[in-house]
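Student: predicted coordinates and the sequence they were generated for:
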Amino acid sequence: MTNIDGLSRLRERANAQGTREDVRVNQRHLVDKILARYSGESVVWRELIQNSDDAGATETRIEFQTSGGDQQVTTCIYKNSGKQFRDED
């Protein structure tokens, strides 16, 4: 049995036996935790490249779009040639 099979069975059992309940999330706290985890200058890029590698990508592209005379980055586009993530990922 794979880990995915076990999670699927657990989800089915919880849906059959459990009750639905709303969960409230402190979004500010969540953002702070994410920023703390990815606090280094290159950590986010390293994580994205690792995800691409996990997806079997042979190419990765990061494109920064700028605007204005100060060349401030307004958009970041990240693409790779790997397979798309699934719910199990």
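Tutor: Sure, I can see it.

Student: beyond the least confident helix or strand in the chain by mean pLDDT, next helix or strand please.
Tutor: Here the helix or strand of the chain ranked lowest by mean pLDDT, DSSP states H and E is helix 3-17, holding a mean of 81. Of the helices and strands lying after helix 3-17 in sequence (DSSP states H and E), the nearest is helix 27-37.

Student: following element in sequence after that following helix, please.
Tutor: Once the chain leaves helix 27-37, the next helix or strand it forms, by DSSP H and E, is helix 43-54.

Student: dump the next helix or strand after that next one to PDB, restricted to CA.
Tutor: Next helix or strand after helix 43-54 toward the C-terminus (DSSP H and E): strand 60-67. This file holds the C-alpha atoms of strand 60-67, laid out as PDB (Å, rounded to 0.1, in the frame of the first residue of the first chain):
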ATOM      1  CA  THR A  60      13.100  26.200 -16.000                       C
ATOM      2  CA  ARG A  61      12.400  29.800 -16.800                       C
ATOM      3  CA  ILE A  62      12.000  32.800 -14.500                       C
ATOM      4  CA  GLU A  63      10.900  36.000 -16.200                       C
ATOM      5  CA  PHE A  64      10.800  39.300 -14.400                       C
ATOM      6  CA  GLN A  65       8.600  42.000 -15.900                       C
ATOM      7  CA  THR A  66       9.400  45.600 -15.000                       C
ATOM      8  CA  SER A  67       7.700  49.000 -15.400                       C
END
